[in-house]
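**Student:** Kindly return the folded structure for what I paste below:
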Amino acid sequence: MRKRAAVLCGAAVVLAGSFTAVPAEASAPRKAPALDWKSCGTTNYPTLQCASLKVPLDHRNPHGRQITLALSRVPHTAKKYQGPLLVNPGGPGGSGLNLAGFVAKSLPEKVAAQYDVIGFDPRGVGKSTPALDCKPGHFDPVRPDSVPSTPAIERANLLRVKSFAKACRDKHRDLLPYINTVSAVRDMDAIRKAVGAKQINYFGYSYGTYLGAVYAKLYPERVRRLVLDSIVDPTGVWYEDNLGQDYAFNDRHRAFMAWVAKHDATYKLGTDPAKIEKKWYAMRADLAKKPAGGKVGAAELEDTFLPGGYYNGYWPFLADAFAAYVGDKNTDPLVEAYDNFAAIDAAGDNGYSVYAAVQCRDADWPRSWWQWRQDNWAVHEKAPFMTWNNAWYNAPCAFWPTETLEPVNVANRKLPPVLLFQATEDAATPYQGGVTMHRLLKGSSLVVEDGGQNHGISLSGNSCLDEHLATYLTDGTVPRGGGAVDAVCEALPDPEPLTAASSSRGATLHGLLGFRG
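**Tutor:** As a prediction, this is how the structure comes out:
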């Protein structure tokens, strides 16, 4: 968010009270006959194991219809065992199977060795069954322009979102009432039971921070350690949170313009960020009339540049594509960028279906399209980059076929020390979300990346943040600064042109987290 941390905090720390480093039940892992772990290692994560777990579709009816969760783990190897560490990449709709391997590999070896790092595909996602896929090809290009500048464009977009909501109803009406955050939390507790643990450790990014906070609210006595990174504002679930994103993404897009201006020697788009921004919108207007490669129209262009708001390591590739188009009308790099960053495959169709199902079920949304139109045009006037694209992404919720639940009030005074990470310039989960969660979770500790521009910041290359994480997972220690912020880490420097960001740890993490989450 635009607001920045103003105070550098001292180095005072506290220990996790009576929560010892090795709980009694963690001295040796319990037998878990419900899970049959088998090797499913990959080149990147050779020690990964996989299993499946049956859980009730409706946890209020435990003997009713069962569904299956796909699980992964990297087992502990140290004599000192600190229990299961469940990890979640966000979304909702993100697969967590490979995230377990990434977290275990990215933590210091002596820390990871003390945990069973467990990933899971939440209900409806990926290899969990049944998996949702409401309308394959919903994002196939070329879509109508996202900005409804004419009644015809607005009608075309409304037809798309209504047809998606109807397809979900027709295809998954039996599942939709049970695809929501609270049901996923009940599943997490079923995982806890299946691995024989009295408590879990949890590490979640993005939407995963809300998932973790809700678990902590429902089961505070079962939380041992809790790490939340890039924090959803739990008081804005979900309509207000999405409107808040629009301003923050517009800020990030303008920061990208300023970065391009700084590197005029490479991109030759000028040194005035405002004039470069006008060139970007001129490119958008051209593509609305003639899509690049027959598939990158105005909406797809927004999709392509959206990832730059999540992770500035993508800026060099996006700038190359931008400069090639403006400089000599070469569309090939732009099409390549779309294919790499924005094109939706079957996994993306599944992820979006779960995203919509969870968000539309979790909380109330305006059912009057007039309200959506009024709110989004007002935001668009100040933040035109992504407002209407984001609106249409969430608009199925205006027509969703299930009743809505009440958001969970995650305020909590019953937890051990909790570790929170937040970047000041995060677009997907703006800074205020971290501040709000810090206030609601009594005894939590907020570590801020001052000037940090990315979403998902720990285990992404910032050693200061990672030291706080490693210390907490080692012995439960969190920093205490005595103010609104407990510790501040300096942001990583901006990328340089032509940096091979795709091979960095940050790029690997952001590939696992995905976008929109």
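
**Student:** the strands in the stretch 201-350 of the chain, which residues?
**Tutor:** Along the stretch 201-350 of the chain, the segments classed as strands by DSSP state E, counting those that start in this stretch run 223-229.

**Student:** repeat for the chain
**Tutor:** Applying DSSP state E to the chain gives strands spanning 13-14, 38-39, 49-56, 66-74, 84-88, 116-121, 200-205, 223-229, 419-423, 445-450, 478-479, 487-490.

**Student:** Can you tell me what sits against the longest one?
**Tutor:** Residues from elsewhere that reach strand 66-74 (Cβ atoms under 8 Å, 6 or more residues apart in numbering): 35, 37, 40, 45, 47-57, 84, 96-98, 100-101, 104-105, 112, 116-123, 126-130, 187, 190-191. C-betas here are computed from N, CA, C, even on glycine.

**Student:** 7 Å instead?
**Tutor:** Defining contact as Cβ atoms under 7 Å, 6 or more residues apart in numbering, one finds that strand 66-74 is touched by 37, 40, 47-57, 97, 100-101, 104, 116-121, 123, 126-130, 187, 191.

**Student:** For ChimeraX, what selects the buried ones among these?
**Tutor:** Remark: buried members of those, expressed as a ChimeraX selection using 16 or more other Cβ atoms under 10 Å:
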select :37,48,49,50,51,52,53,55,56,57,97,100,101,104,116,117,118,119,120,121,123,126,127,128,187,191
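
**Student:** Which of the strands of the chain comes out lowest on mean pLDDT?
**Tutor:** Here these differ in mean pLDDT, and the lowest is strand 13-14 at a mean of 35.

**Student:** and the gap between the most far-flung residue of the chain relative to its centre and residue 298?
**Tutor:** Going by Cα atoms, centre = their mean, the residue of the chain most distant from its centre is residue 328, 35.9 Å out. Going from residue 328 to residue 298 by Cβ to Cβ, to the nearest Å gives 21 Å.

**Student:** Count the residues that sit near the closest residue to residue 454 other than its chain neighbours.
**Tutor:** Using Cβ to Cβ, 6 or more residues apart in numbering and skipping residues adjacent in sequence, the residue nearest residue 454 is residue 311, 5.1 Å away. For residue 311, the neighbour count with other Cβ atoms under 10 Å is 25.

**Student:** before we move on, the earlier item: just so I know, which of the strands of the chain lies nearest residue 352?
**Tutor:** Minimum separation from residue 352 across those (Cβ to Cβ) falls at strand 116-121, 14.9 Å.

**Student:** and the closest one, what other elements does it pack with?
**Tutor:** Judged by 3 or more Cβ pairs under 7 Å, 6 or more residues apart in numbering; DSSP states H and E, strand 116-121 is in contact with strand 66-74, strand 84-88, helix 97-106.

**Student:** and the first one with helix 97-106, angle?
**Tutor:** Pointing back at strand 66-74 there. 20 degrees (axes from the mean of the first three to the mean of the last three Cα atoms, to 10 degrees).

**Student:** Buried residues of strand 66-74, list them for me.
**Tutor:** Within strand 66-74, the residues that count as buried by 16+ other Cβ under 10 Å are 67-74.

**Student:** Could you check how far it is from the centre of its chain?
**Tutor:** 20 Å (Cα atoms, centre = their mean, to the nearest Å).

**Student:** quick one: contacts for the residue farthest from the centre of the chain?
**Tutor:** Shown in contact with residue 328 (Cβ under 7 Å, 6+ apart): no residues.

**Student:** Give me the pLDDT value at it.
**Tutor:** Listed pLDDT for residue 328 reads 93.

**Student:** just checking, residue 395 touches residue 160?
**Tutor:** No - contact criterion Cβ atoms under 7 Å: residue 395 and residue 160 do not qualify, at 8.6 Å.
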